[in-house]
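Novice: sharing a model that was predicted from the sequence below.
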Amino acid sequence: MRTDHDAAIAAIREDLLSAPGATTRGDRALVLGGSSPEGLRDFLEKVCHASYKVTEEDITALKGRGLSEDAIFELTVVAAFGIAYERLATARMAMASSE
């Protein structure tokens with residue numbers, strides 16, 4: 001099922017992967033694919049599955065590992081987009097199978 005929003009969603013995805021940033025394109029692609037760079041798995045899992053539980057302590061711990069606020073922000077946005085994209089695809093498949 002295609003919608004009017006597909007082009008915008010694809011453009012956002014492309015920008016997340018290709019734009020210059022504080023993180024590498026490879027790390028962003030890894031996160032978008034549902035994996036995580038070394039030492040970030042627990043944080044990114046929390047972002048994707050229980051974002052309401054992310055605390056200032058989580059951010060402080062990541063900063064303590066040497067990540068900048070920009071890097072944390074970028075990976076958080078990519079993870080949130082990735083899980084949203086995954087859920088959209090799942091919903092579309094469910095809708096298509098019920099037709």
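Specialist: Arrived safely.

Novice: in stretch 64-79, what's buried?
Specialist: Residues of stretch 64-79 classed as buried: 67, 71-72, 74-79 (neighbour count, 16 or more other Cβ atoms under 10 Å). For every residue, glycine as well, the C-beta is placed using N, CA and C.

Novice: pLDDT of it, averaged?
Specialist: Averaged over stretch 64-79, pLDDT sits at 96.

Novice: now tell me what touches that stretch from outside.
Specialist: With contact meaning Cβ atoms under 8 Å, 6 or more residues apart in numbering, stretch 64-79 is reached by 16, 21-23, 27-28, 31-32, 37, 39-40, 44, 47-48, 59, 62-63.

Novice: what's the longest helix in the chain?
Specialist: Secondary structure of the chain per DSSP state H: the longest helix is helix 69-97.

Novice: quick one: that one to chain centroid distance?
Specialist: 6 Å (Cα atoms, centre = their mean, to the nearest Å).

Novice: ok, stretch 39-53 next?
Specialist: The answer for stretch 39-53 is 10 Å, by Cα atoms, centre = their mean.

Novice: gap between the two ends of that stretch?
Specialist: 18 Å (Cα to Cα, to the nearest Å).

Novice: list the buried residues for it?
Specialist: Neighbour-count burial for stretch 39-53 [16+ other Cβ under 10 Å]: 40, 43-44, 46-48.

Novice: thanks a lot, catch you later.
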